[in-house]
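[1] below: sequence and its predicted model.
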Amino acid sequence: MTFRPWQRNPMSYWGCQLFGWGGVALFGRIMEGLQGLASRQNSENQDHLFLPLTCLAGLIASHLLRKLIKSGEWLELPPQTLILRYAAALAISTLVLSVIGATFFKAPASSGKTTATFTVILMINSSLMGAWMAVYFLFHFYERLNRARQEQVLLREAVTLSQLESLRLQLNPHFLFNALNSIRALIPRESDEAREGVTLLADVLRSTLSTRGGTTVPLGEEMRLVRDYLSIEKLRFGDHLRIVEQLDATISKANIPPLMLLTVVENAIKHGAQSQEQAATITITGRLEGKSIVLTVESPSSGEKKKDSDSSFGIGLQNIRKRLHLIYGEQATAILETSADATTRCVLCYPLQPLS
């Protein structure tokens, strides 16, 4: 079942307004007619325009009050504040309408005294405005309750679709790994490098697809993935590519956003080692400075001058900056620079613990 978002037609609002206030005026006119049949004298003393004019004033006042409620977002207020505003709005609107009614309308009263006349008008207006406000708020509370139920149904549908999608994604890797194993079986046993390359590719894909959904993973786990990737690149470049690791053993259990270091190393291969005619060296260093992790990936420069600006960052490195900022805040940095010795250096610095 799929629900459409609630769409309110402005004509329905005015239809309800006219029906409500017009119904009150019509009901009052019917009651006056019945009283006139019972007592001719009462009928002659009554002003038959009083209640219609009062309802017209109530319609205008309720519309202005509705604008005030919407602009002030009263429905988002806590119950105590809403009740206070409800009472204040009811008192003020009733008083204003009563003053207008006593001044311009001829109200029925048990006697000719002004106090009695004003009391009658006050009672009528308080009843009408109180009933309108109660219906208005009850309608909107019911609407929000109904909308919440619809959102719960949509949420359950989304969860179900997500579970089905998860199952589909779990099936696809199995098919991919089986296909790679089949390709590996077709490679002659004498072709050790080709068989090893397919095996390493399967390991990299398996590690990438099985990455946990958390914001960080242990650095040692990320490095295993990086080493598998570099092993594949070594098969491609041979002795043209050299890898140097200088990682402190104390940071192997430190956290790092998943696939972040892999992205930096991949950029170093693509924009550094791949563009070199001579042997290229990729150096990965990691150390602990105070309460921060500092990871550096160095590679030969491609000849283009790099600056620490968004324009010099590729899409992958721009995403790294955004992810670091979201996870660690302003304490994390990602710097890309080219030194005088034609070496491109990407430095990631972030705290040991993510933001809570």
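    That came through, no problem. Residues are numbered from 1 along each chain as shown.
[2] separation between T344 and G101?
    To G101, T344 is 82 Å away according to C-beta to C-beta, to the nearest Å. Where you see a C-beta, it was placed from the backbone N, CA and C, and this is true even at glycine.
[3] also Y136?
    Distance, Y136 to G101, using C-beta to C-beta: 21 Å.
[4] same thing with E151?
    With the distance defined as C-beta to C-beta, E151 ends up 44 Å from G101.
[5] more neighbours, these two?
    G101 (23 against 11; other C-beta atoms under 10 Å).
[6] how confident was the prediction at L352?
    L352 is assigned a predicted lDDT (pLDDT) of 89.
[7] isn't it up against T250?
    No - here L352 does not reach T250: they are 11.0 Å apart, not a contact under C-beta atoms under 8 Å.
[8] ok, A273 touching I282?
    Yes - contact criterion C-beta under 8 Å: A273 and I282 qualify, at 6.2 Å.
[9] what do the two both touch?
    Overlap of the contact sets of A273 and I282 (by C-beta atoms under 8 Å, 6 or more residues apart in numbering) consists of 241, 299.
[10] could you pull up phi and psi at the spatially closest residue to I293 that is not a sequence neighbour?
    Sequence neighbours aside, A254 is the residue nearest to I293 in space, at 5.3 Å (criterion: C-beta to C-beta, 6 or more residues apart in numbering). A254 has phi and psi values of phi -70, psi 160 when expressed as degrees, to the nearest 10.
[11] please apply the same query to R287.
    Dihedral pair for R287: phi -150, psi 170, per degrees, to the nearest 10.
[12] beta partners for it?
    Legend: beta-bridge partners of R287 under DSSP bridges are V294.
[13] find the helix or strand that the closest residue to L51 other than its chain neighbours is a member of.
    Take L51 and drop its neighbours on the chain: the residue closest to it by C-beta to C-beta, 6+ apart is G28, 3.9 Å away. Using DSSP states H and E, G28 falls within helix 10-38.
[14] this structure: helices as residue ranges?
    Here the chain has its helices, by DSSP state H, at 10-38, 40-45, 50-71, 79-104, 114-186, 192-209, 219-237, 260-271, 315-328.
[15] least confident of these, on average?
    Among the helices of the chain, helix 40-45 scores lowest, at a mean of 51.
[16] report the contact partners of the residue nearest to L95 when sequence neighbours are not counted.
    For L95, ignoring the flanking residues on the chain, the nearest one in space by C-beta to C-beta, 6+ apart is L122 at 7.7 Å. By C-beta under 8 Å, 6+ apart, the residues touching L122 are 94-95, 98.
[17] count of residues packed around the residue nearest to L51?
    By other C-beta under 10 Å, the residues close to G28 number 17.
[18] could you chop the protein up by domain?
    Domains of the chain are assigned by automatic domain parsing as 10-158, 187-351.
[19] tell me which of these sits nearest to L180.
    With C-beta to C-beta as the criterion, L180 lies closest to domain 187-351 of the domains of the chain, at 4.6 Å.
[20] how far is the closest one from where the chain is centred?
    Mean C-alpha position of domain 187-351 versus that of the full chain (C-alpha atoms, centre = their mean, to the nearest Å) differs by 31 Å.
[21] span of it from start to end?
    46 Å (C-alpha to C-alpha, to the nearest Å).
[22] go on, stretch 71-89?
    14 Å.
[23] list the buried ones in it?
    If you call a residue buried by 16 or more other C-beta atoms under 10 Å, then stretch 71-89 has these buried ones: 74, 86, 89.
[24] L84 is in contact with the first one, correct?
    It stands for W74. No - using C-beta under 8 Å, W74 makes no contact with L84, being 10.6 Å away.
[25] nearest to T333 among the buried residues of stretch 71-89?
    Closest to T333, out of all of the buried residues of stretch 71-89 and judged by C-beta to C-beta, is W74, at 45.4 Å.
[26] sorry, back to before: what sits against the residue nearest to L51?
    Contact criterion C-beta under 8 Å, 6+ apart gives 51-52, 55 as the residues in contact with G28.
[27] out of these, grab the one that's most surrounded.
    L51 (23 neighbours).
[28] how close does it get to F118?
    Distance from L51 to F118, by C-beta to C-beta: 16 Å.
[29] ditto for E245
    Separation of E245 from F118 (C-beta to C-beta) stands at 91 Å.
[30] more neighbours: the two, which one.
    Using other C-beta under 10 Å as the criterion, E245 and F118 rank with F118 on top: 16 against 13.
[31] show the pLDDT at D248.
    For D248, pLDDT reads 91.
[32] contact partners for the closest residue to it other than its chain neighbours?
    Closest residue in space to D248, ignoring its immediate chain neighbours: R287 at 5.1 Å, by C-beta to C-beta, 6+ apart. Applying C-beta under 8 Å, 6+ apart to R287 gives the contacts 248, 251, 293-294.
[33] by neighbour count, sort out the buried ones in those residues.
    Buried members of the contacts of R287, scored by 16+ other C-beta under 10 Å, are 251, 293-294.
[34] kindly indicate which of these lies nearest R147.
    For the buried ones among the contacts of R287, the minimum distance to R147 (C-beta to C-beta) is 45.6 Å, reached by I293.
[35] if anything else comes up later, I'll come back, but that's it for now.
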